[in-house]
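S.K.: Got a predicted model here, sequence first, then my questions.
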Amino acid sequence: MHNVNLSALEQTAVRGRSDPATVRTPLELRGEWQVGGGPQFRGTIPYPGGEVEFAADFPPPMGGTGSAPNPLAYCFWGGLACYAMTFALEAAREGVGLTALRAVMRAEVDQSRALGLSERPPVERIEWELEVDSDADEATIERLKRLADERCPGAYCIRNPIALETRVARS
């Protein structure tokens, strides 16, 4: 339904109910600093159909060339994509048709912490807005929003502290 394979989704849910390990997916991403110019950082992100190369570069005021999106843009876009996709997935699970779904993210980034000028948080607020074209009534759309708010992995990661370990190893 509207680009969601409900059969595959239900099979995954059935397997997950009987064996929670089947719905856990390990993920390892790698990238490399580019010392010779161009975007400062490159890496590939694998997916079931192949892989895609991502490049990131700081904007010129932060020492980059601005030749690729900055790292936070990927984080923000990934969160927005996750939220919109979760909304669409929940709509499909509920049998609610979507004609179109557009998403917008808004935030203001304060670079003063990254520059060592302050202790202010780099981002104080993130706003995700969905524009939904559907024949569903407002109560249904609001219920789908609540489900997306509760179930979206990206929203969870932003709203809840997650343990982070960092290491530096010599090569």
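M.R.: Happy to help now that I have it.
S.K.: surely Val4 meets Glu90?
M.R.: No: when contacts are counted by C-beta atoms under 8 Å, Val4 is not listed as touching Glu90 (9.4 Å). All C-beta atoms are positioned from the backbone trio N, CA, C, and that covers glycine.
S.K.: and the two? which has more neighbours close in?
M.R.: Glu90 (20 against 16; other C-beta atoms under 10 Å).
S.K.: ranges for the helices of the protein?
M.R.: All helices of the chain, identified by DSSP state H, fall at 6-18, 71-93, 138-151, 153-159.
S.K.: who's in contact with the longest one?
M.R.: What it means is helix 71-93. Residues outside helix 71-93 that contact it (C-beta atoms under 8 Å, 6 or more residues apart in numbering): 1-4, 6, 9, 41, 54, 56, 58, 69, 97-98, 101, 103-105, 107, 109, 122-123, 126, 128, 130, 132, 134, 136, 144-145, 147-148, 151-155, 157-158.
S.K.: Can I get it in CSV? Just the C-alpha atoms.
M.R.: Output in CSV follows, covering the C-alpha atoms of helix 71-93 (Å, rounded to 0.1, in the frame of the first residue of the first chain):
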residue,chain,number,x,y,z
PRO,A,71,27.4,16.2,8.8
LEU,A,72,24.5,17.6,10.8
ALA,A,73,22.4,17.9,7.6
TYR,A,74,22.7,14.1,7.2
CYS,A,75,21.6,13.6,10.8
PHE,A,76,18.7,16.0,10.4
TRP,A,77,17.6,14.6,7.0
GLY,A,78,17.9,11.0,8.4
GLY,A,79,15.6,11.9,11.3
LEU,A,80,13.1,13.6,9.1
ALA,A,81,13.1,10.7,6.6
CYS,A,82,12.7,8.3,9.5
TYR,A,83,9.7,10.2,10.9
ALA,A,84,8.0,10.6,7.5
MET,A,85,8.6,7.0,6.6
THR,A,86,7.2,5.8,10.0
PHE,A,87,4.1,7.9,9.5
ALA,A,88,3.7,6.3,6.0
LEU,A,89,4.3,2.9,7.4
GLU,A,90,1.7,3.3,10.1
ALA,A,91,-0.8,4.7,7.6
ALA,A,92,-0.3,1.6,5.5
ARG,A,93,-0.7,-0.7,8.6
